[in-house]
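Novice: Fold the following, please.
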Amino acid sequence: MMTRIRPLAALLAGALLAAAVVVAPAAAAPDAGAAAPTFKLQDQTGRWHTLEEYRGKWLVLYFYPKDKTSGCTTQACELRDNIFAFRKIGATIVGISVDDVASHKEFAEEHSLPFTLLADPTKQTAKDYGVLVKWMGTIEIAQRDTFIVDPEGRIAKHFVKVDPKGHSELVLKELAALQAKAPAPKSGG
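Specialist: This is a model prediction of the structure:
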């Protein structure tokens with residue numbers, strides 16, 4: 001009986017997230033060209049990650065409201081299905097929500113997600129990126145926003161309140177355009 005209740009609870013939570021009125025974020029998101037806010041968060045395996053470890057790479061940093069909800073599952077699975085296209089253009093995908101490590105572990109395993117999910121239980125990173133919102137007036141979640149961070153650690157693009165369906169393709173196209181405009185890396189020597 002318990003196994004039937006868990007999917008139903010996730011479905012109801014997803015429906016409520018989709019229908020809820022969300023209040024604007026408390027802090028402003030960083031502008032394009034600004035340094036991406038730093039973080040130190042644990043992934044779904046308990047390993048710590050910092051923004052600095054992604055220096056020199058294109059980073060797709062996507063914030064999402066809740067593990068195991070319909071929109072978040074759609075978004076994560078579309079990113080998973082395009083992982084080879086992201087890797088081909090040298091981009092790394094990292095998801096962040098205010099869920100805990102255990103929730104991320106279950107979500108990643110259930111959907112065979114080949115990328116890092118970072119837990120932000122203190123909600124500080126969501127605040128720093130300007131995506132922490134109140135849902136139903138009391139529950140704080142991350143708004144569904146995506147940031148493309150360039151190899152120098154600067155915000156190259158911010159997608160606000162994204163539609164999870166088709167967002168992966170949109171991000172791939174924008175990354176290709178940004179990379180085409182980016183200056184060639186300086187050679188050492």
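Novice: residue closest to the middle of this protein?
Specialist: Tyr62 (1.9 Å; Cα atoms, centre = their mean).
Novice: Just the pLDDT at the residue nearest to it when sequence neighbours are not counted, thanks.
Specialist: Counting by Cβ to Cβ, 6 or more residues apart in numbering, Thr146 is the residue found nearest to Tyr62 once chain neighbours are left out, at 4.3 Å. (Each C-beta comes from the backbone N, C-alpha and C, glycine too.) Thr146 is assigned 97 on the pLDDT scale.
Novice: what does the average pLDDT come to for stretch 53-72?
Specialist: Here stretch 53-72 scores 93 as its mean pLDDT.
Novice: Endpoints of it, how far apart?
Specialist: 25 Å (Cα to Cα, to the nearest Å).
Novice: same thing with stretch 140-157?
Specialist: 24 Å.
Novice: what sits opposite the residue nearest to the centre of the chain in the beta ladder?
Specialist: Beta-bridge pairing for Tyr62 (DSSP bridges): Gly95, Thr146.
Novice: quick one, what contacts it?
Specialist: Gln75, Leu79, Ile93, Val94, Gly95, Ile96, Arg144, Asp145, Thr146, Phe147 (Cβ atoms under 8 Å, 6 or more residues apart in numbering).
Novice: Over to Ala85?
Specialist: Leu172.
Novice: Give me the pLDDT for His49.
Specialist: Value for His49, per-residue pLDDT: 97.
Novice: from what I can see it touches Phe115, true?
Specialist: No: with contact defined as Cβ atoms under 8 Å, His49 does not count as touching Phe115 (11.5 Å).
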